[in-house]
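Chemist: Task: produce atomic coordinates for the following.
(chains A and B)
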Amino acid sequence: MNPEVTAGAVPAVAMRSITKRFPGVLANDSVDFEAREGEVHALLGENGAGKSTLASILTGLYRPDAGDIEIYGRRVEFHSPRDAMAAGVSMVHQHFRLAASLTVADNIVLGHQAAPWLRASPRTIESQVTDLARRYRMPVNPTARIWQLSVGEQQRVEILKSLYRGARILILDEPTSLLTPQEADDLFETLRRMTAEGRTIVFVSHKLEELMAVSDRVTVLRGGRVVGTVETKSTTPPQLARMMVGREVVFAQSKEAHRMEGGEVVLELRGISADGDLGIKAVNDVSLAIKAGEIVGIAGVSGNGQRELAEAISGARRRSAGDVIVDGRSLRNGDPEDAIARGIAHVPEDRLGTGVSPSLSVADNLILKSHRRAPIATRGILRRQRIAANAKQLMSRFSVSAPGPDTPTRLLSGGNVQKVVLARELSSRPRAIVAANPTRGLDVGATESVRELLIKAAAGGVGILLISEDLDEVLALADRIAVIYEGRIAGVVPRDEADVQRIGLMMAGAPA
Amino acid sequence: MNVNDSIVVVLAASAIFYGTPLVFAAMGELLAERSGVLNLGVEGMMLTGAVTAFWAVQHLSGPDWLVLLLATMIGGLAALAVSVIHAVLVVGLRANQIVSGLALTIFAGATGLSSYVGNVARLGGQPAHHEYTAINVLGLADVPVLGPILFHQNALVYASWALVLVALAYLHRTRTGLHVRAVGESPQTADVMGIDVARYRYAHTLAGGLLAGVGGAYFSLAITPNWIDGMTSGAGWIAIALVIFAFWRPELTLAGAYLFGLFSSLGFVLQARQVHLPPEVFASLPYLMTVVVLVAVSTGWARQRLGAPAALGTPYVREER
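Modeler: Got it, this is the predicted structure:
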């Protein structure tokens, strides 16, 4: 964006051999990263590639286990976001840090220690904010309270907050993930204005198109390591996608792809739409048909409507349009009980939050869907012995390892909790299973057994909708792969025709 | 008949008189809640303040004004000491705020610590040696209508007006006040901006305790200058309801306190006028009002929109991975 940047000048940000380890994960593995003054430098990578960790280290939230940071050639050590702020480094978080009931002006001056104890009149502060907003063409009403603002406006307040404190290096974490296309364009305009002033932008994202539009250079991370840094001008989206996803895809464990001709459709989604928690449309006109014995994978980057889609099918979220049809009859909207009764099993992505009731015993969690009926309950009375027998049988069949059926479920490991969920869902003899990120956070062994259970269920004639942010998993298990982007199905490809690059591009929103 | 003896003027003056302890206690609770700490121990702290302040006027000697000033401060500090327990439990140890507050009211309140102190010191049945009396401000007490309402009240009434003004200016016109609001609203945000969340919560919980104690002292030094076990009879609970009713705003808290003061005094005033209704009806009015008001403001729209600190009642733990 600023071609006059002189090569060889002192970089605004220089991070050298940054290593950060979390329990069980090497999030950053000797990462080198450099951003020149006045450029927009994109950090690209899949979820878990280590880009957020790197950004958090640069902004003082985490401390690296090893490595140095230099800001304008001066070695720094940040112990808190405040230290980073003092050095001119500021971050706009994906989840905004704003106090909802305070005004825009108050949020902007909050914690600014240079302000006198007896504050200037609100009107003076407001006019300062208005001036700043005008300078960067980020119109925002300083007297409005945060809760009254749209997400795009809230983001402007976050950026103004950084500018008010004189930030010279701004880190934006997935800044467009909640914005409308129009708001995203306005944001890019603002970023250009800021770089023209010599500010440096680190732009964390996984959307190829916007990186191509906004950045000067791109650094690609994969698995905690730097794959490379390229000039945006001299690269192409396919090249970036290849760098991001990795050339080779390992089909470690895969389902025998089988032909589905003539199989009967067990679960059909007909034009379903649903709103997210913030009232923004999250699922947009999704249609898919899943046949008995088939695994349909939904690939996509986190936050593109996957969770909402799963909930809209299982009844946990109301659909704003469309039908879910099981065996030719449509499910009642927003009614999980109907979905359960009609044979839809749900393996939710938040297994301890929505998958099980953590403080109930394993045995009780195993009957959460069958406790209304005989043999578990007769005339409204739970039959403890049958519950115990049921637990014993399921725990051995699904090899749940727990001290006993009476153990509170929260004490189990992630893999065993997931097995409890699967045992409950599969033992209800479902027609179809909606599984959302079923192996996320599990170790290799548990991942393997969860995948095996799904494959076995499909072999038994169950239709499975596998929603996963792990592209390798989708490629290994699914017979057909649908890519979801911003709530829409960007395309559906059979597995034997699947091309990682093309899927990667579709995941990042490039036209297929 | 003198206009100043008319029922409207008498009711207005006594609404202020009876509402004043609520102003103190509710303003203290408001400060604590604005920083995110819910303190259900107000009743216990008020009773602590009432008994210690009364003990002080019986044992200190000197000019009225000095004894009363010292006694009121002693009552406030005793309640502050009780609030330290709450602050340590809920800010330091992140205990459940509701449980801690309720426990404190039981511990310090009627038939608890305050009645123990009162009984051991044999405070019951004694007339107070010193008490707050109405001051004729600038000789304006006899001015028609406004005289008895504004210029013939006791010193604590005037202090409470100053308190409301100071609280308003503090919350909205000082940097620390802005920080308090941010801490109660979004401690995460405040923390990132370099504000010490725990320090603000400690300070405002203690300030709340101090003011509750002063409100309690008002009962034993101004309303009924003697000591009876449980003499605040639920004023602490009304103060808590009042903060909600006033949407956490000092100026509305003042108005609300006088509304409750009006209901508290209605019975006496009407009886003095030979209006005979069962006294239970009047005695129950403030509590009935509390219930009505709480039901009204607990409807969904009132909560976030009208200023309930979003982080009220939730301990703050810095996010660590």
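Chemist: what's the spacing between A:L26 and chain B?
Modeler: Distance of A:L26 to chain B, given as CB to the nearest CB, to the nearest Å: 14 Å. Bear in mind the C-beta positions are built from the backbone N, C-alpha and C, glycine included.
Chemist: do the same with A:I387
Modeler: Noted for A:I387: a distance of 32 Å to chain B, by CB to the nearest CB.
Chemist: is it true that that residue lies in a helix?
Modeler: Yes - assigned with DSSP: H, G, I helix; E, B strand; the rest coil, A:I387 falls within a helix.
Chemist: Tell me which residues touch it, please.
Modeler: Neighbouring residues of A:I387 by CB atoms under 8 Å, 6 or more residues apart in numbering or on different chains: A:363-364, A:366-367, A:376.
Chemist: cool, and A:G460?
Modeler: A:G460 touches A:G293, counting by CB under 8 Å, 6+ apart.
Chemist: before we move on, back to that, return the members of the contacts of A:I387 classed as buried.
Modeler: Neighbour counting over those (16 or more other CB atoms under 10 Å in any protein chain shown) leaves A:363-364, A:366-367, A:376 as the buried ones.
Chemist: and which of those residues is nearest A:D216?
Modeler: A:D216 lies nearest to A:L366 out of the buried ones among the contacts of A:I387, by CB to CB, at 55.3 Å.
Chemist: ok, and the closest non-adjacent residue to the residue of the stretch 101-250 of chain B found nearest chain A?
Modeler: Distance from chain A to each residue of the stretch 101-250 of chain B (CB to the nearest CB) is smallest for B:M193, at 2.9 Å. Distances taken as CB to CB, 6 or more residues apart in numbering or on different chains place A:G111 nearest to B:M193, at 2.9 Å, with adjacent residues excluded.
Chemist: Is it correct that the one you found falls within a helix?
Modeler: No - A:G111 is assigned coil when assessed by three-state DSSP, not a helix.
Chemist: Is it in contact with B:I195, as I believe?
Modeler: Yes - using CB atoms under 8 Å, A:G111 is in contact with B:I195, at 5.2 Å.
Chemist: which residues are common contacts for those two?
Modeler: Counting by CB under 8 Å, 6+ apart, the shared contacts of A:G111 and B:I195 are B:179, B:182.
Chemist: ok so, going back, need the phi and psi values for the residue nearest to B:M193.
Modeler: For A:G111, the backbone dihedrals (degrees, to the nearest 10) come out as phi 70, psi 0.
Chemist: Repeat that for A:P375.
Modeler: The phi and psi torsions at A:P375 (degrees, to the nearest 10) take the values phi -90, psi -10.
Chemist: What is the neighbour count of residue 150?
Modeler: You didn't say which chain, so I picked chain A. Applying other CB atoms under 10 Å in any protein chain shown, we find 14 residues neighbouring A:S150.
Chemist: let's do chain B instead
Modeler: Residues contacting B:L150 under the criterion other CB under 10 Å number 18.
Chemist: For it, give me its contacts.
Modeler: Contacts of B:L150 (CB under 8 Å, 6+ apart): B:137, B:140.
Chemist: Let's see the helix or strand bottoming out on mean pLDDT in chain A as PDB, backbone CA atoms only.
Modeler: When each helix and strand of chain A is scored by mean pLDDT, DSSP states H and E, helix A:500-507 comes last, with a mean of 79. What follows is helix A:500-507 as a C-alpha-only set of coordinates in PDB (Å, rounded to 0.1, in the frame of the first residue of the first chain):
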ATOM      1  CA  VAL A 500      -7.500 -29.700  -1.400                       C
ATOM      2  CA  GLN A 501      -6.500 -26.500  -3.100                       C
ATOM      3  CA  ARG A 502      -9.900 -25.900  -4.400                       C
ATOM      4  CA  ILE A 503     -11.500 -26.700  -1.100                       C
ATOM      5  CA  GLY A 504      -9.100 -24.400   0.600                       C
ATOM      6  CA  LEU A 505     -10.000 -21.600  -1.700                       C
ATOM      7  CA  MET A 506     -13.700 -22.100  -1.200                       C
ATOM      8  CA  MET A 507     -13.100 -22.100   2.600                       C
END
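Chemist: Contacts for that helix next, please.
Modeler: Contacts to helix A:500-507, defined as CB under 8 Å, 6+ apart, come from residues A:208, A:237-238, A:241-242, A:244-245, A:249, A:299-301, A:471, A:475, A:481, A:483, A:485, A:490-491, A:493, A:512.
Chemist: Taking those, please make a PyMOL selection of just the buried ones.
Modeler: Buried residues within the contacts of helix A:500-507, by 16+ other CB under 10 Å, are selected in PyMOL with:
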select buried, chain A and resi 208+237+241+242+244+245+299+300+301+471+475+481+483+485+490+491+493
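Chemist: helix/strand/coil for the residue lying closest to B:S186 once chain neighbours are set aside?
Modeler: Excluding the flanking residues, the one nearest B:S186 by CB to CB, 6+ apart is A:A99, at 4.2 Å. Assigned by three-state DSSP, the conformation of A:A99 is coil.
Chemist: A:A99 and A:N107 touch, don't they?
Modeler: Yes - using CB under 8 Å, A:A99 is in contact with A:N107, at 6.0 Å.
Chemist: More neighbours: these two, which one.
Modeler: When A:A99 and A:N107 are compared for neighbours, A:N107 comes out ahead with 30 against 27, by other CB under 10 Å.
Chemist: so the more buried one sits in a helix?
Modeler: Yes - assessed by three-state DSSP, A:N107 belongs to a helix.
Chemist: Mind putting the contacts of A:I387 into JSON lines with distance to chain B?
Modeler: JSON lines is the format used below for the contacts of A:I387 (distance: CB to the nearest CB, whole Å):
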{"residue": "A:A363", "distance to chain B": "29"}
{"residue": "A:D364", "distance to chain B": "25"}
{"residue": "A:L366", "distance to chain B": "31"}
{"residue": "A:I367", "distance to chain B": "31"}
{"residue": "A:I376", "distance to chain B": "35"}
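Chemist: Filter these down to the ones in helices?
Modeler: The helices, defined by DSSP state H, take in A:363-364, A:366 from the contacts of A:I387.
Chemist: Pipe these into JSON lines and attach pLDDT and distance to B:S284 per row.
Modeler: Shown next, in JSON lines, are the ones in helices among the contacts of A:I387 (pLDDT from 0 to 100; distance: CB to CB, whole Å):
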{"residue": "A:A363", "pLDDT": "92", "distance to B:S284": "50"}
{"residue": "A:D364", "pLDDT": "92", "distance to B:S284": "46"}
{"residue": "A:L366", "pLDDT": "92", "distance to B:S284": "52"}
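Chemist: Look up how far B:G261 lies from B:I223.
Modeler: Here B:I223 is placed at a distance of 11 Å from B:G261 (CB to CB, to the nearest Å).
Chemist: overlap in contacts of the two?
Modeler: Counting by CB under 8 Å, 6+ apart, the common neighbours of B:I223 and B:G261 are B:17-18.
Chemist: quick one: which of these two has more around it?
Modeler: Higher neighbour count among B:I223 and B:G261: B:G261, with 23 against 20, using other CB under 10 Å.
Chemist: which element is the more buried one on?
Modeler: Assessed by DSSP states H and E, B:G261 sits inside helix B:250-272.
Chemist: residues of the next helix or strand after that helix that come out buried?
Modeler: Downstream of helix B:250-272, the first helix or strand assigned by DSSP H and E is helix B:279-297. Neighbour-count burial for helix B:279-297, counted by 16+ other CB under 10 Å, picks out B:282, B:285-287, B:289-290, B:293, B:297.
Chemist: Burial check on the residue nearest to B:M193, number of neighbours?
Modeler: For A:G111, the neighbour count with other CB under 10 Å is 21.
Chemist: contacting residues for it?
Modeler: So A:G111 contacts B:179, B:182, B:190, B:193-195 (CB under 8 Å, 6+ apart).
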